[in-house]
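Novice: return atomic coordinates for the entry below.
(4 chains)
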There are 4 protein chains.
Amino acid sequence: MGKIKVGILGATGMVGQRLIQLLDGHPWFEVGYVAASEQSAGKSYAAAVEGRWHSATAIPDRVRGLVVGDVAGIAKAMASCSLVFSALETDAAGVYEEKYAAAGLPVVSNASAHRHTPDVPMLIPEINPEHLGIIPAQQKSRGWKNGFIVVKPNCSIQSYMAPLHALREFGIKHVIVSTMQAVSGAGHPGVASLDIVDNIIPFIKGEEEKSEREPLKIFGRVSGSGIISDDSIRISAHCNRVPVIDGHMACISVEFKKKPSREQVLAAWKGFKGVPQELKLPSAPAQPIVYTDDPVRPQSRLDRDNGNGMVVTVGRLRECKVLDYRFVGLSHNTIRGAAGGAVLTAELLKAKGLV
Amino acid sequence: MGKIKVGILGATGMVGQRLIQLLDGHPWFEVGYVAASEQSAGKSYAAAVEGRWHSATAIPDRVRGLVVGDVAGIAKAMASCSLVFSALETDAAGVYEEKYAAAGLPVVSNASAHRHTPDVPMLIPEINPEHLGIIPAQQKSRGWKNGFIVVKPNCSIQSYMAPLHALREFGIKHVIVSTMQAVSGAGHPGVASLDIVDNIIPFIKGEEEKSEREPLKIFGRVSGSGIISDDSIRISAHCNRVPVIDGHMACISVEFKKKPSREQVLAAWKGFKGVPQELKLPSAPAQPIVYTDDPVRPQSRLDRDNGNGMVVTVGRLRECKVLDYRFVGLSHNTIRGAAGGAVLTAELLKAKGLV
Amino acid sequence: MGKIKVGILGATGMVGQRLIQLLDGHPWFEVGYVAASEQSAGKSYAAAVEGRWHSATAIPDRVRGLVVGDVAGIAKAMASCSLVFSALETDAAGVYEEKYAAAGLPVVSNASAHRHTPDVPMLIPEINPEHLGIIPAQQKSRGWKNGFIVVKPNCSIQSYMAPLHALREFGIKHVIVSTMQAVSGAGHPGVASLDIVDNIIPFIKGEEEKSEREPLKIFGRVSGSGIISDDSIRISAHCNRVPVIDGHMACISVEFKKKPSREQVLAAWKGFKGVPQELKLPSAPAQPIVYTDDPVRPQSRLDRDNGNGMVVTVGRLRECKVLDYRFVGLSHNTIRGAAGGAVLTAELLKAKGLV
Amino acid sequence: MGKIKVGILGATGMVGQRLIQLLDGHPWFEVGYVAASEQSAGKSYAAAVEGRWHSATAIPDRVRGLVVGDVAGIAKAMASCSLVFSALETDAAGVYEEKYAAAGLPVVSNASAHRHTPDVPMLIPEINPEHLGIIPAQQKSRGWKNGFIVVKPNCSIQSYMAPLHALREFGIKHVIVSTMQAVSGAGHPGVASLDIVDNIIPFIKGEEEKSEREPLKIFGRVSGSGIISDDSIRISAHCNRVPVIDGHMACISVEFKKKPSREQVLAAWKGFKGVPQELKLPSAPAQPIVYTDDPVRPQSRLDRDNGNGMVVTVGRLRECKVLDYRFVGLSHNTIRGAAGGAVLTAELLKAKGLV
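Specialist: Numbering: from 1, shown residues only, chains lettered A, B, ... in the order given. Down below sits the predicted model:
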């Protein structure tokens, strides 16, 4: 049996390029279609990204020659693939993702347009795979047959969501997090070098709001026609841009309803596995959370590629003088936090028979 | 009347060099003596720092030719100056600072050796100048005549101490702070470039302990023969090393006993002045705290030199979802946080008649 | 007598901002007019640069409130100033600089549009002030009365032009130069951080051509109605972009017609003075070339600000195994190489009675 | 048949660590012995490098538990392995490498101690494998039986040696090269971050001399009891340290006895293969030189890992205005330039029956 053909909307941007790289040699999927804006449409993919292919590895041969479609031409996508990844800009995502779904294609989106649409699941596959249960309601209320939309949350939250989720039995109450985020999170050209060499920028537009709100939906529950956020948790985020290429680091202080022991925390992290691990999904790391005993780790450059960029590396667990515990988390923002998270979501959809 | 001659112990290191730079052209003080370890002793200062003078400005002419003394040779210091700045390493500071004080010289120290000695004041001149009141007790209990020791706190706390102090009328209760500290804080050679280019290190040895404990003494009060720390405040610090040359940034969340309004916070910062401002000390900035309305500031490279490196620049005041408020503070770690803070302290001593 | 009012075209960009900064407190000039593209026109200068003022010093008070004019509105400039600095993009410079000159205003341009127009002098004031002698011919052939155009060469050549010029008595024959250029040379946003953190880019569009060709005109001579380039010199340039904020460094190998001794080279550099030094122009450094004996200097961060950014710092003179000598030169690309060089040129115009 | 056991002298340093990483899973060799200085001797390897293991990949399991030997204890090495890699500091290399060879072990050295010993071959396996022919003479004159010494040249020359060698049929005459070298080339801690963030250092101790002299021996010929350098070539090197983690870049201008056409140059590079390619040695890249047509490449971060760090990536071939051609070369300094080059050399020794 052949592989499932997938399409990539916004294929020439940073996340689109990462998707192409991660899907190269994928056991289940192969890229059958790429689309971008009008300017790129009609060119070969190689021509469309000439001078702005950001990866150290070459453009995969099977994608080089694909003719880039116009994102507005949905019929062509329908003919070429069975699922689309959306790496569109927010505005374009707002316009097109529903059209693709209405036309019958499952859409796995990295964009923020539908993150807070109540009947659209926002997935970290290890955390809330059961939110896929909302899809029939999503389809029904919109009169869609086979298409639907699933989204991925923001990259900034991935360094602390899995570690917090693994501790939910103790009741997450308050979280104060300070992030140090890599420049690749802003895409290309993104952050100007003049703004970040020998500098820290203590502000990223919209990022603190996303970092505080998205976790509540992910920790929420499916209820009838929507997902109800868990508003019992309060998160306060300080988001900073730092001169690092890849890897978002977070310093987390957390308060529980019932404070666990240090051993309980470590055991919860070390033993944590989710549905992707049970199903042995191709992109799922054996252990989604890896705790390091090295007191000076995790570090952005040394640990971002752990588990092919899909592992959250956690370290420095210690008591917090104000809340209960504090620790450091690190994840690769364009892999686990973007393209890799989207591929893992698509694998989950396939394993669940939704594609 | 001539200027007061001062000496610098540990004159060849990073902080020693900054002291020499800041004292060049000082209206009250002039460098009359420099001392360092045995290896440097006997050389001219210029020869002793050859190939490791880190400043963009040249070695001041009057210091170039000074013969470097051995830090163990106290008599020579006595003959050459009326006050010494100590930029010694902790161990050497532990050995020598008391000897200099016993010999009759006031010592203003950047080292950590005596920061928690109860009868040694740890000063941020704008915050706790009244702690100088402990000096007679310090002298008496040790049988010292004219000499005494005053210390400066760690550089990591300077970005949040003045902003918190200005709000003390509202009762500081809990503080969670995450710092992003420049490499110059580790001296030279200090942090290896291999460890910090394209990287963040979420650990600095001993720094979190200092960042949590030193503020309590500074906010404490003189009582009989010692300074009693204010243990009603709890501070939790996450300290990170970042690829920035100068400037320590801090993301602060704070809870008050009585939550002020946003206007009250801003008014407290903007109106804040301390004794150094009242006395118009030469190194005192007109406003020790400057609040910026620019939503993307303070930034390390752009704001560290504000007020000749003596101002704490504060920005991004907003409600905290967990505690009461959050904001960002920035200070120059080798000026306000080290050499500049020491010079301001010496100026205060002189203004108070202690030198 | 009041100061001479000057205007700045392209006042909101990087070089425009530097001009405003350098002209603040200038003894002869004051900014009376600022112009930019349509989008900025009508706003106050402070509003026009909000969120993109790149300097660590604040916008000068007298400029904050100036209403930004449309660069197309020449009448307004005529009414407000006696000379304009052009920091326009090449295309706009090609359109507008001649119009301003035709309207009667001297134009000192940082743009490349007229660098190779034969009757437009391209000035490094210490090197070829006599090229101003072409101005009457420039005005006559175009029917201009008081207006004219003078241009500044590219920033990439400033680190080697003065050191080579000081050695011209020995006959410059061949030069191979490899530059390491700061990101500020590309303006803002300019170089993406993703492209330059932990990276070197061995290519800057158009830069090698400029670095090889512009020196020949500067070393040329006025002849009738044009400037004749000195084509006896051959220069080969390798231009690289490096992760440095400010400061262009150059590694130079040079062959002479008559090889000087090492002492002759050093004496030529140390003794070098130009017309700006003789006239004591306000922005002229006392010594335009400073040779450092420190074997590890010049360094970009430590030496770029020498002489307020107007000095070329030279070091590491040694024999070349292939040509005659090799050495390292460094200059501040946005001061000596752009805004500062333009201001010095305007000062020369004033001293020569051309403004 | 089992793998050949190899030892690593200086196993705890930067190059030693890279060797361990590269030998993990090697088809022919396995690490059977590690040695370092007295301080580390007796500890497990994992304990000896605790807190200073620089790689993003973990210490290989089979090496973690090896007890570190004292480099002075040669008997133990004899008992544990059939070849040693030396990553010793120059001084220690001068003392020990001959002792190991005298004791009967082939030594493949990364140190500079014997680079100019006439009967010690300095190998880039693609360039001068025939220099191994000197080994019998080396052994004979010293009375060694099975042991001998082979060395690897400096990392700084690897970005231009293979590209020049591929063009030797045209007669290399003059070369001017300017390097931009990564901080990993100085080992750890090596370059202080304070010295290189936002900076360029135009000097690396001893590096220009090595970059000019070593190529002549490599391009030389075996003659009786020694290797005669090719003194017909003159090389002039400017060596610079840049803020890049890995990857040495070189800007090269070259003059030939008989200038080839552009097509000839490209053909020579594209077709170049050496003995390691013919013998299909495990670490040999299929093509040792890869030419990129992308006008903005090679770039340090994007191209250093080409061919697992064993390829020299070349680009930007263009005419030189002074010599004949200029181009850019890039190689990974700790792989091709150090550990990888040493492993490839050992593979060649094995293939030639010398181990």
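Novice: okay, strands next: where are they in the stretch 201-350 of chain A?
Specialist: A:221-223, A:226-228, A:234-241, A:248-256, A:289-292, A:312-319, A:325-331 (DSSP state E, counting those that start in this stretch).
Novice: what pLDDT does the closest residue to chain D within the stretch 51-200 of chain A get?
Specialist: As assessed by Cβ to the nearest Cβ, chain D sits closest to residue A:198 within the stretch 51-200 of chain A, at 4.2 Å. Every residue, glycine included, has its C-beta placed from N, CA and C. Predicted confidence (pLDDT) for residue A:198: 98.
Novice: repeat for residue A:307
Specialist: What the model reports as pLDDT for residue A:307 is 96.
Novice: which residues touch it?
Specialist: Residue A:307 makes contact with A:285-288, A:290 under the criterion Cβ atoms under 8 Å, 6 or more residues apart in numbering or on different chains.
Novice: wait, doesn't residue A:111 sit right on residue A:84?
Specialist: No: applying Cβ atoms under 8 Å, one finds residue A:111 not in contact with residue A:84, separated by 11.9 Å.
Novice: more crowded one of these two?
Specialist: residue A:84 (31 against 24; other Cβ atoms under 10 Å in any protein chain shown).
Novice: the more buried one should be in a strand, yeah?
Specialist: Yes: the assignment for residue A:84 is a strand, going by DSSP: H, G, I helix; E, B strand; the rest coil.
Novice: sorry, back to before: who wins on neighbours among the contacts of residue A:307?
Specialist: Neighbour tally across the contacts of residue A:307 (other Cβ under 10 Å): the maximum, 27 neighbours, falls on residue A:288.
Novice: excluding residues flanking it in the chain, which one is nearest that residue?
Specialist: residue A:126 (4.8 Å; Cβ to Cβ, 6 or more residues apart in numbering or on different chains).
Novice: same question for residue A:304.
Specialist: Spatially, and ignoring its direct neighbours in sequence, residue A:304 is nearest to residue A:247 (3.5 Å; Cβ to Cβ, 6+ apart).
Novice: what is the burial count for the one you found?
Specialist: With other Cβ under 10 Å as criterion, residue A:247 counts 32.
Novice: what of residue A:171?
Specialist: Using other Cβ under 10 Å, residue A:171 is surrounded by 14 other residues.
Novice: can you pull the contacts of the nearest residue to it once chain neighbours are set aside?
Specialist: Leaving aside its sequence neighbours, residue A:171 sits nearest to residue A:257 (Cβ to Cβ, 6+ apart; 2.8 Å). Contacts for residue A:257 (Cβ under 8 Å, 6+ apart) come out as A:170-173.
Novice: for residue A:257, give its distance to chain D.
Specialist: The spacing between residue A:257 and chain D, counted by Cβ to the nearest Cβ, to the nearest Å, is 36 Å.
Novice: next, give phi and psi for that residue.
Specialist: The phi and psi values for residue A:257, taken as degrees, to the nearest 10, are phi -70, psi -40.
Novice: what does the pLDDT read for it?
Specialist: Looking at residue A:257, its pLDDT stands at 98.
Novice: in the stretch 201-350 of chain A, which spans are helices?
Specialist: Ranges of helices in the stretch 201-350 of chain A, per DSSP state H, counting those that start in this stretch, are A:207-218, A:262-271, A:275-278, A:300-303, A:340-351.
Novice: and if you look at the stretch 51-200 of chain A?
Specialist: A:61-64, A:74-80, A:90-102, A:135-142, A:158-165, A:193-196.
Novice: tell me what the fifth one is packed against?
Specialist: In terms of contacts (3 or more Cβ pairs under 8 Å, 6 or more residues apart in numbering or on different chains; DSSP states H and E), helix A:158-165 is packed against strand A:172-181, helix A:207-218, strand A:248-256, strand A:312-319, strand A:325-331.
Novice: which parts of the longest one are buried?
Specialist: Burial within helix A:207-218, assessed by neighbour count using 16 or more other Cβ atoms under 10 Å in any protein chain shown, is assigned to A:207-208, A:210-218.
Novice: show me the contact partners of that helix.
Specialist: So helix A:207-218 is contacted by A:112, A:115-116, A:122-124, A:127-128, A:131, A:153-154, A:156-157, A:161, A:164, A:177, A:179, A:181, A:227, A:229-231, A:233, A:235-239, B:321 (Cβ under 8 Å, 6+ apart).
Novice: pull out the buried residues from those residues.
Specialist: Among the contacts of helix A:207-218, the ones that count as buried by 16+ other Cβ under 10 Å are A:112, A:115, A:122-124, A:127-128, A:131, A:153-154, A:156-157, A:161, A:164, A:177, A:179, A:181, A:227, A:229, A:233, A:235-239, B:321.
Novice: dump the contacts of residue A:257 to TSV, plus pLDDT.
Specialist: Shown next, in TSV, are those (pLDDT from 0 to 100):
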residue	pLDDT
A:170	98
A:171	98
A:172	98
A:173	98
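Novice: counting neighbours, what do you get for the residue of the stretch 251-355 of chain A found nearest chain D?
Specialist: Nearest residue of the stretch 251-355 of chain A to chain D: residue A:302, at 5.0 Å (Cβ to the nearest Cβ). Counted with other Cβ under 10 Å, residues neighbouring residue A:302 total 23.
Novice: before we move on, what about the one 10 residues further on?
Specialist: Close neighbours of residue A:312, defined as other Cβ under 10 Å, add up to 31.
Novice: go on, residue A:72?
Specialist: Counted with other Cβ under 10 Å, residue A:72 comes out at 14.
Novice: ok, now which ones touch it?
Specialist: The contact partners of residue A:72, by Cβ under 8 Å, 6+ apart, come to A:38, A:96.
Novice: rerun at 6 Å
Specialist: For residue A:72, the contact set (Cβ atoms under 6 Å, 6 or more residues apart in numbering or on different chains) is empty.
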